[in-house]
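Trainee: Pasting a predicted model and its sequence here:
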Amino acid sequence: MSFKRIINWFKKEFENSDKRVLASKPCGEHFIDPPEGWKYGFPKIFDFDEGNWCDINPWLIGLGYPELLIREYGKHFHVRVWKKEN
């Protein structure tokens, strides 16, 4: 398979994906800041050791982030994540 075909396959798979999965599991507490999160009290601390790190959307919604915004951003929905300093 040519390099170009491999790249096109990855692009197609990513565009058809409804969930974003992190390449490797972070550990410890991190700040999570979704788009327009300041309107809903974000950034907030998410503990990757205890939470479902594959899909944090239910966690966001449970803390008051609108599900409608997640849907509106669609495949462009990304959150900023940074490690909490002790």
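Mentor: Alright, I've got the coordinates.
Trainee: ok, then the element right after the helix or strand of the chain with the lowest mean pLDDT?
Mentor: None of the helices or strands of the chain scores lower by mean pLDDT, DSSP states H and E than helix 3-15, at a mean of 61. Per DSSP states H and E, helix 3-15 leads on to strand 29-33 as the next helix or strand towards the C-terminus.
Trainee: got a list of contacts for that following strand?
Mentor: Contact with strand 29-33 is made by 42-48, 56, 59-60, 79-84, as judged by Cβ atoms under 8 Å, 6 or more residues apart in numbering. Every C-beta, even on glycine, is put in place using the N, C-alpha and C of the backbone.
Trainee: run the last query once more with 7 Å
Mentor: By Cβ atoms under 7 Å, 6 or more residues apart in numbering, the surrounding residues in contact with strand 29-33 are 42-48, 56, 79-84.
Trainee: most surrounded residue in these?
Mentor: Each of these was scored by neighbour count (other Cβ atoms under 10 Å); the top score is that of residue 46, with 22 neighbours.
Trainee: What separation is there between the residue nearest to residue 45 when sequence neighbours are not counted and residue 60?
Mentor: The shortest distance from residue 45 to any residue other than its chain neighbours is 5.1 Å, reached at residue 29 (Cβ to Cβ, 6 or more residues apart in numbering). Look at residue 29 and residue 60: by Cβ to Cβ, to the nearest Å, they are 16 Å apart.
Trainee: Those two: which has the busier surroundings?
Mentor: In this view residue 29 and residue 60 are compared by other Cβ under 10 Å, and residue 60 has more residues nearby, 23 against 15.
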